[in-house]
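Participant: A predicted structure for the sequence below; I have some questions about it.
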Amino acid sequence: RKVDLVYTRIRTEEKLLLEALRRRDCAVNLVQDSGMVLSMDRQRVNEADTVLMRSMSFTRARYLATFLEMKGLRVLNSARTISLCGDKALTSAALAAKGVPMPWAFVAFDEDACLDAIEARGYPVVTKPVLGSWGRMVARLDSRSAAEGVLSTRFGSGGAQDHVALVQEYVDKPGYDLRVYVIGRAVGGLRRRSEHWITNTARGAVPERYEVSGVHAKLAEAAADAVGGDMVAVDLLETRGGDIYVNEINHCVEFARSIDETGVPLPDLIAEYVASGAGA
Ligand code: ADP
Ligand code: ZN
Ligand code: MG
């Protein structure tokens, strides 16, 4: 198999993926996203049949995946999956459409309309940018004054494309959230423990071993299915009462900080999936 690995930076993940692909006799080309210029026709870029999309930029990943698919390549994840997962409002809609359990959520496009809707629901709620990752700008609103402050920033800065607010139920987690890796099927997971309610490892949460239960595996697979994800990391929020919700789906699987705790060889599993021809 001939694989283009599209990247922004060669991080630990990309190094391990490259090695794992080469062990499976894939001919891998490293292609930096910033250097790609794609013509709008069906002409192939090179000999590759498959693209492993590892761009860290949502803009680049989404457009590149779309154009490369148009040129007849098998792109993992697909342009559709990247488009849905990269935008948290669209992820929520895709999950809702398939009846996958998630925190209640709404989207609003105006400061006053949003504040009214929050007041009607009651505090606390969570709001986050529809585009974003690593826990940046995720905010918990505990009061009307906090909501007014955050919403005036959200709607008073940026351009029209930024004036959208995703508001979610605040889920009172028992000190951690859960991540299930779905590579064709649920293959393993991770518990992320933190004193802080934001449990990204990029924000200092400690990764712990977690044996994925059958129920959690099924839920993660249903979530991956809702967005057509071939290889995704599904984040689950557990309530103190034992209910479980899907919070988000990450289309560019990161594992450098947690490969030991996860206990499954993610680079090999991903490489195997790429080499198998699945997801075409
Ligand atoms: P990101 O893409 O930046 O990781 P997330 O939606 O995953 O955005 O939010 C980051 C973290 O914030 C989650 O891992 C979780 O710990 C916490 N969080 C996000 N939304 C909620 C929520 N509705 N209720 C409780 N905690 C949340
Ligand atoms: Zn994310
Ligand atoms: Mg997250």
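Facilitator: Looks like it came in fine. Ligands and ions are numbered 1, 2, ... in the order given.
Participant: the stretch 151-280 of the chain: helices as residue ranges?
Facilitator: 214-226, 259-262, 266-276 (DSSP state H, counting those that start in this stretch).
Participant: list the contacts of the longest one.
Facilitator: Taking CB atoms under 8 Å, 6 or more residues apart in numbering as the criterion, the residues outside helix 214-226 that touch it are 94-95, 97-98, 100-101, 178, 180, 182, 185-186, 189, 212, 229, 232, 234, 236, 244, 246, 249. The way it works is simple: take the backbone N, C-alpha and C, and place the C-beta from them, glycine included.
Participant: where exactly do the strands run in the stretch 151-280 of the chain?
Facilitator: Here the stretch 151-280 of the chain has its strands, by DSSP state E, counting those that start in this stretch, at 165-169, 176-183, 185-193, 206-208, 231-238, 244-250.
Participant: from the middle of its chain, how far away would the fifth one be?
Facilitator: This points to strand 231-238. 8 Å (CA atoms, centre = their mean, to the nearest Å).
Participant: which of the helices of the stretch 151-280 of the chain sits closest to ligand 1?
Facilitator: Closest of the helices of the stretch 151-280 of the chain to ligand 1 is helix 214-226, at 12.9 Å (criterion: CB to the nearest ligand atom).
Participant: now that closest one: buried residues?
Facilitator: Within helix 214-226, the residues that count as buried by 16 or more other CB atoms under 10 Å are His216, Ala217, Leu219, Ala220, Glu221, Ala222, Ala223, Ala224, Ala226.
Participant: quick check: closest non-adjacent residue to Ala226.
Facilitator: Nearest in space to Ala226, with sequence neighbours left out and distances taken as CB to CB, 6 or more residues apart in numbering, is Lys98 at 4.1 Å.
Participant: which bits of the stretch 1-150 of the chain sit near ligand 2?
Facilitator: By CB under 5 Å from the ion, the residues of the stretch 1-150 of the chain that approach ligand 2 are Ser133.
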